[in-house]
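> 3D, please:
(2 chains)
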Amino acid sequence: MFPTPIEKRPRSAQITYQAFLPVALIVWLLPLLAVALFSIKPDADFTNGNYWGAPSSFEGFVNYGKAFGVGERIPADAVQNAIAAGVPFCSSDWLPRERFEDYICLFGTAYDYSGSNMPRYLWNSLLITIPTVIGAVALSCMAGFALGVYKFKGNLLIFFIFIAGNFVPFQILMVPVRDLTVSMNLYDTKLGLVLFHVAFQTGFCTLFMRNFIRALPFPLIEAARVEGVAEWRIFLYVVLPLMKPALAALAVLIFTFIWNDYFWAVVLTQGPDAQPVTAGITEFNSQFRAAYHLMSAGSIVAALPPVAMFFLMQKHFIAGLTLGAVK
Amino acid sequence: MSVSPAVPSTDATQPQRSWYKRNEIAITPWLFLLPAMLFFAVYVIIPIGQSFWISLHDWDGLGEKTWVGTANYERLLGIGDQNIDRKFEVSFWNNLRWLVLYLLAIPAGLFIALFLNQTVTGIRLYKSLFFFPFVISQVVVGLVFSWFYLPNDGLFDVITGWFGIDIRGGVLGNPNTATYGIIAAGLWPQTAYCMILYLTGLNAVDPEQVEAARLDGAKGRKMLWYVILPQLKPATFIAFVVTIIGALRSFDLISVMTNGGPFGSTRVLSFYMFEESLSEFGFRMGYGAAIAVVLFFIMLGFIVYFLWSMYQDEKGAR
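Numbers count the residues shown, from 1 in each chain, chains lettered A, B, ... in the order given. Predicted coordinates:
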């Protein structure tokens, strides 16, 4: 093992190392810790210039609530008055979330609506990311199977076209793809974004899948052929079950890539109907200009799903990132 | 009564297998490839050609295209009696800065990987937390760093203030420092990526070779250079590929942190191209496409090199 394991070093070196680790980590994550700190501070701290000191009060719940569109709690007597006046105010105790013009009911309690589109952006992100993951993985499974198992003329050429396309700068695709999307009437729709993402990610995924299938024991496939199993059955019942680790790796990786995409979100969509959270957060930025506490709460929420994905499926994630090339 | 021949006859009385059945091995790969190829052709391969075509036109994205030949390129590069497009020049040099400085992520990632390649308690968690920045979207990284760099109130300014350094207008407000500030922000996740590549690489280093080298008296830097690094070659290759591509694709950070400013000093080709084609200053798709083509050719050198290396591996594997 390199460098020399710390256990073989003198005790003093071990202690220094152990002590230095957390310090290094804090320095490394300093910008992130700063945002976490911002997100629990009250607004007043920023107007008073208290950017980096201890928060004068803990406002985490309020800030994150506001980022999600939940404002101040509306007092009970105001609710009573509204109901008396015939407004259908928080009509039921069990409905988790009712949205009206300018208030929200959460489990029967009324809150101001702060005007945040955050929940919609997050929802859009999910509706874009998940179909893309399914589409890209499905297409590349099949393509990887074809390129990894069969010998035919042009095999390597097609494989290299997939790889090359994957390296191309996005910008050269931008004008034609936008034009194509507009002409298919898919501009500013989630579907338009999904179709492009599926196509583009297929390049990378095919590279990955093909190399993975190549490493599978080929005699297995031959044995199935001798038994007279149809080719598509070989794919479905012999190869696919063996590809589970690759499927998992690609799925988490593509999820992260697509969730974090910004460029195509800006090129192919506009407004809260279709835009994912990465594009939405910049709009959020102009809405809450210099409201650092809300912005940082929003950013953390936007960053959370891929982070959760990473921590849940770390092993697969890293296998995917290293392209399986470093075993 | 005749005796049937021992050898099965190949006559037509046996039910003829379908055409598909007979050619199954030859056709199946194409059937499996078809959807992926279709998608990839429509959204990736054909658009590359279209971009070349559009770059030879004047086009606002809606009306008719007007053929202008190489006029866009001449204007861009200042061929003939016109000056080189200033914005293009700035973008081009910034791209080079990105390219060179971004490569720092590779040694930095190696350094952190070496630092973390131990087996003390909790090291797994440390490794994941060090990798953390890569998982976060670049938009969030950009926002985080733009607060970090805030003039006067930003943590960076506070810290440099202790050393008596004051950057006028803040890091991002000063045309001399803005690009470097953004590159530093980009290096943060990229270093994390290179780190994870090297950590996996170090895991695969042959312990016997290390022991043998140790018996021969190799230590520290020498060991790293002559024994470890050669074994990390695959990791270095991937780190190189992803870093180069990342550097040339840089868009999100610039768009979020400075939007090209101050005074256009942080533009890169990918951003300038977007600005020309889609910003409120007008939809000059032809000119934008020409910039994209230039960017493509810069990238092409690297792409050919990457593909060539992969092809060599492929041949070796046969």
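
> up against chain B, what does the stretch 1-150 of chain A have?
Selection of the stretch 1-150 of chain A residues close to chain B by CB under 8 Å from any CB of the partner chain yields A:1-3, A:5-7, A:14, A:17-18, A:21, A:24-25, A:28-32, A:34-35, A:38, A:49, A:51-52, A:139-140, A:142-143, A:145-147, A:149-150. Where you see a C-beta, it was placed from the backbone N, CA and C, and this is true even at glycine.

> which among the residues you listed count as buried?
Among those, the ones that count as buried by 16 or more other CB atoms under 10 Å in any protein chain shown are A:2-3, A:6, A:21, A:25, A:28-29, A:31-32, A:34-35, A:38, A:51, A:139-140, A:142-143, A:145-147, A:149-150.

> so B:Glu64 belongs to a strand, correct?
No: assessed with DSSP: H, G, I helix; E, B strand; the rest coil, B:Glu64 is coil; it does not lie in a strand.

> contact partners for residue 303?
Because you didn't say which chain, this covers chain A. Going by CB atoms under 8 Å, 6 or more residues apart in numbering or on different chains, A:Ala303 touches B:Val135, B:Ile136, B:Ser137, B:Val140.

> switch to chain B, please.
Taking CB under 8 Å, 6+ apart, one finds A:Ala164, A:Phe167, A:Val168 in contact with B:Ile303.

> so the first one sits against B:Leu307, correct?
Yes: using CB atoms under 8 Å, A:Ala164 is in contact with B:Leu307, at 6.0 Å.

> how long is stretch B:244-259 end to end?
The first residue of stretch B:244-259 is 22 Å away from its last residue (CA to CA, to the nearest Å).

> buried residues in that stretch?
Across stretch B:244-259, burial judged by 16+ other CB under 10 Å covers B:244-258.

> what is the burial count for A:Trp232?
A:Trp232 has 14 neighbours, counted by other CB atoms under 10 Å in any protein chain shown.

> do the same with the one 3 residues further on
Counted with other CB under 10 Å, the burial measure for A:Phe235 works out to 20 neighbours.

> please identify the helix or strand for residue 133.
Chain wasn't specified; assuming chain A. helix A:118-149 (DSSP states H and E).

> I was thinking of chain B, sorry if that wasn't clear
With DSSP H and E as the criterion, B:Pro133 is inside helix B:123-135.

> B:Gly109 now?
Counting by DSSP H and E, B:Gly109 is found in helix B:105-116.

> low-confidence regions, the stretch 101-250 of chain B specifically.
Along the stretch 101-250 of chain B, the model assigns pLDDT under 70 to no residue.

> where do the helices of it begin and end?
Applying DSSP state H, counting those that start in this stretch to the stretch 101-250 of chain B gives helices spanning B:105-116, B:123-135, B:138-148, B:155-162, B:178-203, B:207-215, B:220-223, B:229-231, B:233-249.

> B:Ala36 touches A:Gln201, doesn't it?
No: the pair B:Ala36 / A:Gln201 is not scored as a contact, 10.6 Å apart, by CB under 8 Å.

> let me see the contact set for B:Thr177.
Counted by CB under 8 Å, 6+ apart, B:Thr177 has contacts B:Ile167, B:Val171.

> who's in contact with the residue of the stretch 201-327 of chain A found nearest chain B?
Closest to chain B within the stretch 201-327 of chain A is A:Asn260: 3.6 Å, counting by CB to the nearest CB. Under the criterion of CB under 8 Å, 6+ apart, the neighbours of A:Asn260 are A:Thr278, A:Pro306, B:Ile136, B:Ser137, B:Gln138, B:Val139.

> let's have those in CSV, adding distance to A:Arg225 and neighbour count.
Formatted as CSV, these follow (distance: CB to CB, whole Å; neighbours: other CB atoms under 10 Å in any protein chain shown):
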residue, distance to A:Arg225, neighbour count
A:Thr278, 46, 26
A:Pro306, 41, 25
B:Ile136, 47, 25
B:Ser137, 45, 27
B:Gln138, 47, 26
B:Val139, 49, 27
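
> quick check, nearest of the residues you listed to A:Glu231?
A:Glu231 lies nearest to A:Pro306 out of the contacts of A:Asn260, by CB to CB, at 36.7 Å.

> ok, which stretches of chain A are strands?
A:70-73, A:97-99, A:103-106, A:109-113 (DSSP state E).

> for the spatially closest residue to A:Lys41 that is not a sequence neighbour, the count of nearby residues, please.
Leaving aside its chain neighbours, A:Lys41 sits nearest to A:Pro55 (4.3 Å; criterion: CB to CB, 6 or more residues apart in numbering or on different chains). For A:Pro55, the neighbour count with other CB under 10 Å is 17.

> just give the closest residue to the most centrally placed residue in chain B, not the sequence neighbours.
Centroid-nearest residue in chain B: B:Ile245, 2.2 Å away (criterion: CA atoms, centre = their mean). Computed as CB to CB, 6+ apart, the closest residue to B:Ile245 that is not its neighbour in sequence is A:Phe167, at 6.0 Å.

> and the residue nearest to A:Leu253 when sequence neighbours are not counted, how many neighbours?
Using CB to CB, 6+ apart and skipping residues adjacent in sequence, the residue nearest A:Leu253 is A:Gly320, 3.9 Å away. For A:Gly320, the count of nearby residues is 24 (other CB under 10 Å).

> who's in contact with A:Gly320?
When contacts are counted by CB under 8 Å, 6+ apart, A:Gly320 touches A:Phe208, A:Ala249, A:Leu250, A:Val252, A:Leu253.
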